[in-house]
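Chemist: What follows is a protein structure lacking sequence information:
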C-alpha cells in the first residue's frame, strides 16, 4: 500500500511562525517562502488572514502574499477563519484557503464559545464564496487525537466533524493531532473515518511531535495509502497547550525518512536544511529538526 510519491504541505510560514513571540519581518517571511519553493516545496501555507489583535505575527498577510515571487507549479494557501478574512485573502489571489474546526466539543466551547456544529456552520458562506472565486477549500479537523480539556478524542467524534465539513462543501479534509498525543493505531483510526467521506487524495495528516510520535504516525498512515501530510520547516510551531512541546513535525525529518524508504517528494533535502538553518537563525535558536541538526553538524565536520 505504500505510495511512491508523497505531497508535503509546508506549513512553517503560517502555522510554524504564528505563535512566535518575537516579530519576524515581512521580508524574512518572504525569504523563507522563496527558500522553501527553491528547495522543491510545491504546497506552501503562506500566511493567514486573522485579526492582528489575536495573532499579531500574521498582521502582514497581504504584504507577504504581495511580495512572493510566485513559481509555476507551486500552490499558495492561506488560513481564513471568517468572511472578513476571506475577502482580504481573495484580494491576494491564493490558490487555496483553509478553514478549521475542532473534533472536541470542550475545545470548541472553551476557545470560541460555541458548539462544533455552530463553528463549522459559520464557514458555509466562506466555502461558497471561495468556490465562487474558483479557489479550493481545505478543512482541518483540530484536536482529532486528543484535547487539552477533555482528554482523549474518539474516532466517532472525528467522523462527525468530517461529515459536517463535507456538508458545507469543503474539498479536502485534514486530520490534525494538535497536541501531539496520538500514536499509530489511533492515527489510523482517525484517518479511516475521514476516508469514509473523502477520497484518498483529499485526506491528509497533520501531526505534532510533542511525544515523539509524529514519524511513527505518518508511517502508519502511509501504510493506508495516505500520501499528503502537513510538515513544518525546522520543526517550527510550538503547541500553546503543551508547554515546552516541540510542535509540528519537521519537514527535514519527514523528507529524510521518506527518502530512505524510496518515496519521492520532489524536495531537495540539502536545500531544505539550508532553509531550516535560515529561519532558525532569524529566530535565534537551533533547528528542532533532528535530521536538520545532524546534517548541519556533518557539514561542519566536513568543513
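Modeler: Great, that's in hand. The structure presented is a predicted model; accordingly, all values stated were derived computationally and were not measured. Numbering: from 1, shown residues only.
Chemist: can you pull out the helices in the stretch 201-303 of the chain?
Modeler: Secondary structure of the stretch 201-303 of the chain (DSSP state H, counting those that start in this stretch): helices at 214-222, 251-260, 269-283, 290-302.
Chemist: List the contacts of the third one.
Modeler: I take that to be helix 269-283. The contact list for helix 269-283, computed with CB atoms under 8 Å, 6 or more residues apart in numbering, reads 12, 20, 22, 24, 28, 31-32, 35-36, 38-41, 233-234, 236, 250-252, 255-256, 259, 286-287, 289, 291-292, 295-296. For every residue, glycine as well, the C-beta is placed using N, CA and C.
Chemist: Just the buried ones from these, in PyMOL syntax?
Modeler: Buried residues among the contacts of helix 269-283 (16 or more other CB atoms under 10 Å), as a PyMOL selection:
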select buried, resi 12+24+28+31+32+35+36+39+40+41+233+234+236+250+251+252+255+256+287+289+291+292+295+296
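Chemist: picking up where we left off before, let me have the helices of the stretch 201-303 of the chain in a markdown table, adding distance to residue 84 and mean pLDDT as columns.
Modeler: Formatted as a markdown table, those follow (distance: least, CB to CB, whole Å; pLDDT from 0 to 100):
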| stretch | distance to residue 84 | mean pLDDT |
| --- | --- | --- |
| helix 214-222 | 33 | 98 |
| helix 251-260 | 31 | 98 |
| helix 269-283 | 29 | 97 |
| helix 290-302 | 37 | 90 |
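Chemist: can you redo these as CSV with distance to residue 131?
Modeler: Output for the helices of the stretch 201-303 of the chain, formatted as CSV (distance: least, CB to CB, whole Å):
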stretch, distance to residue 131
helix 214-222, 28
helix 251-260, 29
helix 269-283, 33
helix 290-302, 38
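Chemist: If you count neighbours, what's buried in stretch 268-277?
Modeler: 269, 272-277.
Chemist: and the closest residue to residue 257 other than its chain neighbours, how far is that from residue 275?
Modeler: Distance criterion CB to CB, 6 or more residues apart in numbering; nearest residue to residue 257, sequence neighbours excluded, is residue 215 at 5.8 Å. Distance of residue 215 to residue 275, given as CB to CB, to the nearest Å: 20 Å.
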